[in-house]
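>>> Predicted model and sequence below, questions to follow.
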Amino acid sequence: MNEFDLISKYFKPLASGFPGSLNLTDDAALIDVPEGMQLVITKDAICEGIHFIGDEAPALIAQKLLRTNLSDLAAKGAKPLCYFLAGMLPSTLSSSGLTRGSILSKKMDPRVKPEDDIVYFLQSFASGLAQDQKEFGIHLAGGDTTSTNGSLCLSLTALGLVPKGQMLKRSGAKIGDGIYVSGTLGDSALGLASSQAGQSNDGFLIRRYQLPEPRIELGLALRGIATSCMDISDGLVQDLGHVCKASNIGATIYTHQLPLSDAAKSQSNAILAALSGGDDYELLFTAKNLDVKSLPFPVAKIGEVKSGNEVKILDESGEKIEIEKKGFSHF
Ligand SMILES: [Mg+2]
């Protein structure tokens, strides 16, 4: 089976439910945008060694890639429509870090031939996508695959729909608005630290790192309610700084109001992880006079929009806290 046969075997089924994909048989996709709607488009790229360790099952890598994009759609109040996928696969998959973990165990099985690496990878990768397509109501609409001499890199572009003029933006927060976050913060950063330290008993936290939960329903419910919104991917304080800049406001947040999971609370650095840890993929939004009980998912008020342009962090006794590293930065 050559590369094209493999791709058509594993990826065509992912496109079959979406007419705009033309079943991956044409040069491009052709997408109808319903009257009165706008397309929201977002793109993310992930690379082995930076965004994933390489010994995760390929299905999990696929799901994280799709879900980080879905999280951006959620943050914009968009309903998922379709996605495009690009994969730069190491020319010898077996020479990359992917030889560790699950693939390694297959390679040690004398019945599995070395060239089966790519088959195993694509099979597992596509099964992860298939599972999430069902869960989040999105379809593959096109893509491209190349080989590379470097490590495995993947990129995904997701498209969603919003009624015209209703996309939630980072700009729009007003002085006096409350600042809210969904779910719990810091789990993912603590999970990554646990898995790097080989503490695989922190299952809940590691799962939160490997498999984010895009808050699609919440995003849809926040249309017309949130004055600004984004998803937290690089750490609360840094990302809140982006909202402040876009909205030309300042913010005060209170550490004792940060929502923490029980698993996070058992760790000494939970507050710092909640303030600056990456990969939360929870929604951060501002709103005025919000009734949190009217929303389809738990949210916590963590502070208020103020004048100025800085993010001020106060602890339980009202003391100002300075943190050295506000979040994740690639460069
Ligand atoms: Mg984002």
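Thanks, I have the structure now.
>>> Which helix or strand contains whatever residue of the stretch 101-250 of the chain ends up closest to the ion?
For the stretch 101-250 of the chain and the ion, the shortest gap (Cβ to the ion) falls at Asp231, measuring 4.4 Å. Placement of C-beta: from N, CA and C, glycine included. Using DSSP states H and E, Asp231 sits in strand 226-232.
>>> Name every strand pairing with that strand and say which way it goes.
Strand 226-232 has the following sheet partners, assigned by DSSP bridges: strand 282-287 (antiparallel).
>>> Could you look up the next helix or strand downstream of the partner strand?
strand 299-306.
>>> what does that following strand rub up against?
Here strand 299-306 makes contact (Cβ atoms under 8 Å, 6 or more residues apart in numbering) with 173-182, 218, 247, 249-254, 257-259, 283, 286, 290, 292, 312.
>>> buried subset of those residues?
173, 177-182, 218, 247, 249-254, 258-259, 283, 286, 290 (16 or more other Cβ atoms under 10 Å).
>>> so what's Phe297 up against?
Applying Cβ under 8 Å, 6+ apart, the residues contacting Phe297 are 182-183, 215, 217-218, 221.
>>> and this structure, which residues reach the ion?
Where the chain comes near the ion, counting by Cβ under 5 Å from the ion, the residues are 72, 231, 233.
>>> Can you classify the first one by secondary structure?
Secondary structure of Asp72, reduced to three states by DSSP: H, G, I helix; E, B strand; the rest coil: helix.
>>> Surely it is in contact with Asp231?
Yes: between Asp72 and Asp231 a contact is recorded at 6.0 Å, counting by Cβ atoms under 8 Å.
>>> Settle it for me: which of these two has more neighbours?
Asp231 (26 against 23; other Cβ atoms under 10 Å).
>>> Leaving out sequence neighbours, find the closest residue to that one.
Distances taken as Cβ to Cβ, 6 or more residues apart in numbering put Ala75 closest to Asp231, at 4.0 Å, once the chain neighbours are dropped.
>>> give me the number of residues near that neighbour?
Count around Ala75 with other Cβ under 10 Å applied: 32.
>>> Let me know the pLDDT of it.
Looking at Ala75, its pLDDT stands at 98.
>>> Leu168 is in contact with that one, correct?
Yes: assessed by Cβ under 8 Å, Ala75 is found in contact with Leu168 at 6.6 Å.
>>> Which neighbours do those two have in common?
By Cβ under 8 Å, 6+ apart, the residues touching both Ala75 and Leu168 are 219, 229.
>>> For the residue in the stretch 1-150 of the chain that the ion sits nearest to, report the pLDDT, please.
Minimum separation of the stretch 1-150 of the chain from the ion (Cβ to the ion) falls at Asp72, amounting to 4.4 Å. The per-residue pLDDT reported for Asp72 equals 98.
>>> same question, Gly176
At Gly176, the pLDDT recorded in the model is 97.
>>> quick one: contacts for it?
288, 304-305.
>>> Over to Leu192?
206, 209, 279.
>>> hey, where'd the helices end up in this structure?
3-15, 58-75, 101-107, 116-136, 187-196, 203-210, 216-221, 236-247, 262-265, 270-276 (DSSP state H).
>>> Can you say which of the ones you listed is nearest to Gly318?
helix 270-276 (15.4 Å; Cβ to Cβ).
>>> What helices and strands are in contact with the closest one?
helix 187-196, helix 236-247, helix 262-265 (3 or more Cβ pairs under 8 Å, 6 or more residues apart in numbering; DSSP states H and E).
>>> The same query, at a cut-off of 7 Å, please.
helix 187-196, helix 236-247 (3 or more Cβ pairs under 7 Å, 6 or more residues apart in numbering; DSSP states H and E).
>>> just how off-centre is that helix within its chain?
18 Å (Cα atoms, centre = their mean, to the nearest Å).
>>> Just want the most central residue of this structure.
Central residue of the chain (Cα atoms, centre = their mean): Thr68, 1.9 Å from the mean position.
>>> Would you agree Asp279 is in contact with Tyr209?
Yes: counting by Cβ atoms under 7 Å, Asp279 does reach Tyr209; the two are 5.8 Å apart.
>>> ok, Gly165 - how many residues close by?
7.
>>> tell me the phi and psi of it?
phi 80, psi 0 (degrees, to the nearest 10).
>>> quick one, what contacts it?
Contacts for Gly165 (Cβ atoms under 7 Å, 6 or more residues apart in numbering) come out as none.
>>> Could you do Gly160 as well?
40, 73, 76, 78-81.
>>> Buried members of these into ChimeraX, please.
To isolate the buried members of the contacts of Gly160 in ChimeraX, using 16+ other Cβ under 10 Å:
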select :40,73,76,78,79,80,81
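>>> Identify the farthest-apart pair in the contacts of Gly160.
Longest span within those, Cβ to Cβ: Lys76 and Leu81, 12.3 Å.
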